[in-house]
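*Asks:* Let me see the structure of the following:
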Amino acid sequence: MLIHPTAIIDPTAQLGEQVQIGPYAIVGPHCVVGDRTRLDAHAVLQEYVKLGADCQVSSGAVLGGHPQDFKFKGEPSYVRIGQGSIIRECVTVNRSTGEGNETVIGEKAMLMAYSHVAHNCILGDEVILANAVQLGGHVEIGDFAFIGGSCAIHQFVKIGKLAIVAGLSATRMDLPPFATLDGRPAVVAGINKVGLKRRGFDLASRTRLKRAFKLLFFANLNYKQAIETIHAEIEPDPAITELVTFVQQSPKGIFRPTRVKGSGRKPGNMDLLTEADEAELLSDTLL
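*Replies:* Just a heads-up that it's a prediction; the model follows:
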């Protein structure tokens, strides 16, 4: 264990094996730091933070601050961050509102510099927040999602698994899984082809998803009609079920695009997925 002599460690804090804590870092009351986790200079764990093993917390990050919520009355609540996560410079992650509640960040997440995770947010495994992403309270983000730089996500919004949201986008409504999204407000621009391929979705599965996206978001159908058509015409698939369930259970609803962003194609003209357009996207898509 390497603890710089200027670091401040509260007597109630618990430190794992081979922890490294840099100059002027602070580990506050009731915090837990997992094995081999590193806190750089001036990193702050304020209170009730549970950091998993093998995490990295960069300089200026503040984890476990009070929620920016008038309902908070000082009750014990938590920040929990899974193993292998990377928290970069000046990130803020607030504790939850409500006694015993948690703000949760999954395993192997990356929160880039100046991003903010508000109270009661729940982020899945391997979520990436690019620089200066701002999440309001109670936001939920599914596994493997990527949120581009300077995006603003309204409180209580849900973002599905493997979604990729373009930088400078914003939303007050839910964003579906497996989608590429762009704009203010953010709307579906297609499926996250490269992300799906890298997560092991074969061509048949990706084609089924693209057909479902066309029916849900680009055809002249309401959601009820689109879902009935999906059930009638598309082979059952766990990803299709997840997408349809997300749409059906979305309390905020999902913006429907009037045209495919940047493509010039009108709704209903999404062509079938081909290996050629995947090869083109592989050169310039983040996921």
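
*Asks:* For the residue lying closest to residue 190 once chain neighbours are set aside, list the residues it contacts.
*Replies:* Using Cβ to Cβ, 6 or more residues apart in numbering and skipping residues adjacent in sequence, the residue nearest residue 190 is residue 180, 5.0 Å away. Yep, even glycine has a C-beta here, placed from its N, CA and C like the rest. For residue 180, the contact set (Cβ atoms under 8 Å, 6 or more residues apart in numbering) comprises 163, 164, 166, 188, 189, 190, 191, 192, 193.

*Asks:* Surely residue 180 is in a strand?
*Replies:* Yes - with DSSP: H, G, I helix; E, B strand; the rest coil as the criterion, residue 180 is part of a strand.

*Asks:* Report the beta-bridge partners for it.
*Replies:* Judged by DSSP bridges, the bridge partners of residue 180 are residue 164, residue 190.

*Asks:* Make 18 the starting number, not 1.
*Replies:* Sounds good: first residue 18 from here, last item residue 197.

*Asks:* Kindly provide the distance from it to residue 182.
*Replies:* With distances defined as Cβ to Cβ, to the nearest Å, the gap from residue 197 to residue 182 amounts to 8 Å.

*Asks:* related to what we said a few turns ago, distance of the residue nearest to residue 207 relative to residue 51?
*Replies:* If you measure residue 197 against residue 51 using Cβ to Cβ, the figure is 34 Å.

*Asks:* And residue 230, by the same measure?
*Replies:* Using Cβ to Cβ, one obtains 39 Å as the distance from residue 230 to residue 51.

*Asks:* between these two, which one's more packed in?
*Replies:* Ranked by neighbour count (other Cβ atoms under 10 Å), residue 230 and residue 51 place residue 230 first, with 23 against 20.

*Asks:* buried ones in stretch 105-121?
*Replies:* The neighbour-count criterion (16 or more other Cβ atoms under 10 Å) identifies 105-115, 118-121 as the buried residues of stretch 105-121.

*Asks:* of all those, which two lie farthest apart?
*Replies:* Comparing all pairs in the buried residues of stretch 105-121 by Cβ to Cβ, the longest separation belongs to 106 and 115, at 29.4 Å.

*Asks:* Find the residue ranges of the chain scoring beneath the pLDDT cut-off.
*Replies:* Scanning the chain for pLDDT under 70 picks out 275-304.

*Asks:* What ranges does the stretch 168-304 of the chain have for its strands?
*Replies:* Listed in chain order, the strands of the stretch 168-304 of the chain (DSSP state E, counting those that start in this stretch) span 169-170, 175-176, 181-182, 187-188, 196-199, 204-208.

*Asks:* Please report how far the residue positioned nearest the centre of the chain lies from residue 36.
*Replies:* To find the centre residue of the chain, average its C-alpha atoms and take the closest one (Cα atoms, centre = their mean): that gives residue 158, at 4.0 Å. Using Cβ to Cβ, one obtains 28 Å as the distance from residue 158 to residue 36.

*Asks:* Give me the distance between stretch 91-98 and the centre of its chain.
*Replies:* Counting by Cα atoms, centre = their mean, to the nearest Å, stretch 91-98 is centred 19 Å from the centre of its parent chain.

*Asks:* can you check stretch 183-198 too?
*Replies:* Offset of stretch 183-198 from its chain centre (Cα atoms, centre = their mean): 11 Å.

*Asks:* Just the buried positions in that stretch, please.
*Replies:* The neighbour-count criterion (16+ other Cβ under 10 Å) identifies 183, 186, 188-198 as the buried residues of stretch 183-198.

*Asks:* So of those, which two are at opposite extremes in space?
*Replies:* In the buried residues of stretch 183-198, the most distant members under the criterion Cβ to Cβ are 189 and 195, with 21.0 Å between them.

*Asks:* The residue located most distally from the centre of the chain is in what secondary structure piece?
*Replies:* The centre of the chain is farthest from one residue, residue 22, which by Cα atoms, centre = their mean lies 35.9 Å away. Secondary-structure element containing residue 22, defined by DSSP states H and E: none, the residue being outside all helices and strands.

*Asks:* so how far is residue 28 from it?
*Replies:* Relative to residue 28, and taking Cβ to Cβ, residue 22 is found at 17 Å.

*Asks:* Then residue 175?
*Replies:* The span separating residue 175 from residue 28 equals 40 Å under the rule Cβ to Cβ.
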